[in-house]
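**Student:** Next come a sequence and a model predicted from it.
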Amino acid sequence: MRREGSPWQGLGVVLLKEFADHLTSARMRVLEWLVVLVALAAIYAAITQVRDVTAQDPFLFLRLFTTSREPLPSFVAFLSFLVPLMAIGLGFDAVNSEHNRRTLSRILSQPIYRDALLFGKFLAGLATLTVSLLVLWLLLIGLGLIMLGVPPGGEEMGRAFIFLLVTIAYAGVWLALAMLFSILFRSAATAALVTLGLWLFLTVIWPALAPAIAQAFVPSDDEATLIIAGQMLARLSPSTLFGEIVLALLHPTTRTLGPVYLSQLQGAVMGAPLPLSQSVLVAWPQIVGLVAACILLFAVGYVAFQRQEVRA
Amino acid sequence: MAENVIEARGLTKRYGPATVVDHVSFNVAAGEIFGLLGPNGAGKTTTILMLLGLTESSEGTARVFGRDPMREPLAVKKLVGYMPELVGFYDHLTAADNLYYTARLIGIPAAERADRIAAALARVGLGAEAEKRVGAFSRGMRQRLGLAEIVMKNARVAILDEPTNGLDPQAAVELLDLIRSLKASGVSILLSSHLLDRVQSVCDRVALFNKGRIALIGTVAELGRQVLGGGFAVEVEADGGIDIARRLASLPGVRSVEEPAAGRWRLTCDRDLRAEAAAEVVAAGGRLTQLALDEPSLETIYTRYFQSMQQEAAHAA
């Protein structure tokens, strides 16, 4: 049955309202502090380390992202922890709070479709995350400029920028997951716990479990087959995908994200960096996978929301 | 009769094997207050959601101003103001800001928003509370804010789901007054309730829901005739007097006399026999202290109807 009218009517209104809510909420204040503290800690750790070790590195600036100094993890490691937490924090009560406040049916009785409400909420969350990540990124680069005194090259900035985009997509995956559970569970606490549980599972347990599962279920004695199978399984986790993309983008010498065959090494100059376009190609399947996961999770939530009863 | 603003024809909603709303048909005429009454879980809210296009009907058609809420939900929702049961607002926003959000969703031009919101809040008596956060509002204030939203929307039909639910008697009376004033300004109103006597005072016509079906439909007086078998109930209270019950019973047109308490009699008669009853009491030497004609109350109609249904069911079994 065809329905009249645009599903986007009211999208901008919802987006602006939710964005304003996010920016003025107590959660956002916590996020802002986290952002600043993480940037400071990471930059301090990286710069002291970079000064000591790698004066000759042609990609000195990228070391800011990846260098760690005990006991602090690197900036990237910080992010891969912080981003899912931020996204889940913004998304876990997106829809069920409207149910519980009994505002949902009142809002949906205005001349808008459900599409606008859900999409507006998702985009507002993503916009909030983008703002936070952009600030964090700029802080890091600005502090790096001041404290290192070395200007970044064009290619370094390109890599850093693509890294920013990938991080936003990574945040989108967790935001979509959190919103999916906020649709499925009426209680915000349940939704938050389930999302956090799934995040821990996918980030900590799954990468360790994947090779074991491959060993147990893949009927092959060939070691390469087993490794590849294990890797494929591990890539079901967005955290694995993100880690691999980071590796390819921020370590320009990375030539492959899988096992290396001898034939691939023919004519290669060991330790020579790849150009940016080639690094992106190496991680392209992972990047597409991350974006696809985000869209898929949102689509599942979208269908669930469309079929849901409005009544409280 | 005026044109119908809402028409439901055989509306049905099934969830798996359970039929929640079973072939419900009714009309709401322009300018009237129509009440959907019945116990909780009788299918009133589901019927309302189908009229708004917020739930898909399994069968039957609904028309709001001649439009199908399933096919043209945006057009329908532009004309209809809906206040759900225990309506909620964003607690961290002020009353005015909550309405601003809705005003932008409705698409009210920016230049008109402030005026229309201020006017709507003043109309429901929340003018002074416009800049207060809704979190601090009482239930009654929230319900009134819900009505303000409908006023601001310039809706031609207001659908109110259990508007007086959870209100103290004072707030309920105020809300019903607001609903009447809404009707006076030309808005047709469909409201649902399980609180019969409160609603009786505002409704022009009612439909009694029972287990997803409309059991009875019409004005309260019509329902009274249908269920109570017509007749007038006259209550008489008197002091002293001899043999009053027998003398009242012998009046022409009196069908029966009950004596619910000493010195109080209840007559069921074919016509309004107040004058004759008064004369009879005085003639019997009693001092008449009270005389009243009972309008059939919805409560009575309702109870009587369900009693007779249960008896029928018992006979059938």
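**Tutor:** Received it, and whenever you're ready, just let me know what you need. Note that the structure is a prediction, hence the values are computed from the model and not measured.

**Student:** For residue 39, which non-adjacent residue is spatially closest?
**Tutor:** Assuming you mean chain A. Once flanking residues are discounted, A:A39 sits nearest to A:L139: 4.2 Å by Cβ to Cβ, 6 or more residues apart in numbering or on different chains. (Each C-beta comes from the backbone N, C-alpha and C, glycine too.)

**Student:** nope, chain B please
**Tutor:** Leaving aside its sequence neighbours, B:P39 is closest to B:H194 (5.7 Å, by Cβ to Cβ, 6+ apart).

**Student:** so what's the one you found up against?
**Tutor:** The neighbours of B:H194, taking Cβ atoms under 8 Å, 6 or more residues apart in numbering or on different chains as the test, are B:37-40, B:162, B:165.

**Student:** out of those, which are buried?
**Tutor:** When these are checked for burial by 16 or more other Cβ atoms under 10 Å in any protein chain shown, the buried set is B:37-38, B:162, B:165.

**Student:** Against chain B, how distant is A:L129?
**Tutor:** A:L129 sits 21 Å away from chain B, going by Cβ to the nearest Cβ, to the nearest Å.

**Student:** So what's the residue count around that residue?
**Tutor:** Neighbours of A:L129 under the rule other Cβ atoms under 10 Å in any protein chain shown: 25.

**Student:** so what secondary structure elements neighbour the host helix or strand of it?
**Tutor:** Using DSSP states H and E, A:L129 falls within helix A:114-148. Secondary-structure packing of helix A:114-148 (3 or more Cβ pairs under 8 Å, 6 or more residues apart in numbering or on different chains; DSSP states H and E): helix A:11-24, helix A:26-53, helix A:60-66, helix A:75-91, helix A:104-108, helix A:154-184, helix A:276-307.

**Student:** could you check the angle helix A:154-184 makes with the longest one?
**Tutor:** Regarding helix A:276-307 and helix A:154-184, their directions subtend 10 degrees when assessed with axes from the mean of the first three to the mean of the last three Cα atoms, to 10 degrees.

**Student:** Counting by contacts, list what helix A:276-307 packs against.
**Tutor:** With contacts defined as 3+ Cβ pairs under 8 Å, 6+ apart, helix A:276-307 has these neighbours: helix A:114-148, helix A:154-184, helix A:238-250.

**Student:** So which of those is nearest B:A119?
**Tutor:** Between B:A119 and those, the tightest spacing by Cβ to Cβ is seen for helix A:114-148, at 27.2 Å.

**Student:** Centre of the chain to that closest one, how far?
**Tutor:** Offset of helix A:114-148 from its chain centre (Cα atoms, centre = their mean, to the nearest Å): 11 Å.

**Student:** List the buried residues of it.
**Tutor:** Buried residues in helix A:114-148 (16+ other Cβ under 10 Å): A:114-133, A:136-137, A:139-141, A:143-144, A:147-148.

**Student:** helix, strand or coil for the residue in the stretch 1-150 of chain A positioned nearest to chain B?
**Tutor:** For the stretch 1-150 of chain A and chain B, the shortest gap (Cβ to the nearest Cβ) falls at A:R102, measuring 3.0 Å. Following DSSP: H, G, I helix; E, B strand; the rest coil, we place A:R102 in the coil state.

**Student:** From A:G10, how far out is it?
**Tutor:** A:R102 sits 19 Å away from A:G10, going by Cβ to Cβ, to the nearest Å.

**Student:** ok, back up a step: next, count neighbours for the residue of the stretch 1-150 of chain A closest to chain B.
**Tutor:** Here the count is done by other Cβ under 10 Å, and A:R102 has 17 residues near it.

**Student:** what sits against it?
**Tutor:** A:R102 touches A:312, B:84, B:86-88, counting by Cβ under 8 Å, 6+ apart.

**Student:** thinking again about what came up before, mind putting the helices and strands packed on helix A:114-148 into a markdown table with distance to B:I150?
**Tutor:** Formatted as a markdown table, those follow (distance: least, Cβ to Cβ, whole Å):
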| stretch | distance to B:I150 |
| --- | --- |
| helix A:11-24 | 19 |
| helix A:26-53 | 33 |
| helix A:60-66 | 55 |
| helix A:75-91 | 32 |
| helix A:104-108 | 10 |
| helix A:154-184 | 28 |
| helix A:276-307 | 26 |
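
**Student:** packing partners for the longest helix seen in chain B?
**Tutor:** When chain B is scanned for its longest helix (criterion: DSSP state H), the result is helix B:298-316. If you count contacts as 3+ Cβ pairs under 8 Å, 6+ apart, helix B:298-316 packs onto helix B:196-200, strand B:205-210, strand B:213-218, helix B:220-228.

**Student:** So the residue of the stretch 1-150 of chain B found nearest chain A, which state does it fall into?
**Tutor:** At 3.0 Å from chain A, B:G88 is the closest residue in the stretch 1-150 of chain B, using Cβ to the nearest Cβ. Secondary structure, three-state DSSP: B:G88 is coil.

**Student:** What parts of chain A come near chain B?
**Tutor:** Selection of chain A residues close to chain B by Cβ under 8 Å from any Cβ of the partner chain yields A:1-5, A:9-10, A:13-14, A:17, A:21, A:101-103, A:105-113, A:309-312.

**Student:** Please list only the buried members of the residues you listed.
**Tutor:** With burial judged by 16+ other Cβ under 10 Å, the buried subset of the residues of chain A next to chain B is A:5, A:9-10, A:13-14, A:17, A:21, A:101-103, A:105-113, A:310-312.

**Student:** Shouldn't B:L191 be within a helix?
**Tutor:** No: per three-state DSSP, B:L191 lies outside any helix segment and is strand.

**Student:** Isn't it up against B:R205?
**Tutor:** No: in this structure, B:L191 is not within contact of B:R205 by Cβ atoms under 8 Å, at 11.4 Å.

**Student:** So for these two, which residue has more residues nearby?
**Tutor:** Shown here are B:L191 and B:R205; by other Cβ under 10 Å, B:L191 has more neighbours (25 against 18).

**Student:** ok, now which ones touch that one?
**Tutor:** Listed by Cβ under 8 Å, 6+ apart, the contact set of B:L191 reads B:33-36, B:159-161, B:163, B:179, B:199, B:202-203.

**Student:** how about the residues of chain B near chain A?
**Tutor:** Within chain B, the positions near chain A by Cβ under 8 Å from any Cβ are B:45-46, B:49, B:52, B:54-55, B:70-75, B:77-78, B:80-92, B:101-102, B:104-107, B:146, B:149.

**Student:** For ChimeraX, write a command that selects the buried ones of those residues.
**Tutor:** ChimeraX command restricting those to the buried ones, with burial defined by 16+ other Cβ under 10 Å:
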select /B:45,46,49,52,54,55,70,72,73,74,75,77,78,80,81,82,83,84,85,87,88,89,90,101,102,104,105,106,146,149
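
**Student:** Can you pull the domain assignment for chain B?
**Tutor:** Domain segmentation of chain B under automatic domain parsing yields B:4-218, B:226-294.

**Student:** Deepest in the core, which of the ones you listed is it.
**Tutor:** domain B:4-218 (a mean of 19; mean count of other Cβ atoms under 10 Å in any protein chain shown).

**Student:** So what's the gap between it and the chain middle?
**Tutor:** Relative to where its chain is centred, domain B:4-218 has its mean C-alpha point 12 Å off (Cα atoms, centre = their mean).

**Student:** who touches B:G127 in this structure?
**Tutor:** By Cβ under 8 Å, 6+ apart, the contact set of B:G127 is B:118, B:121.

**Student:** Sweet, I'm off.
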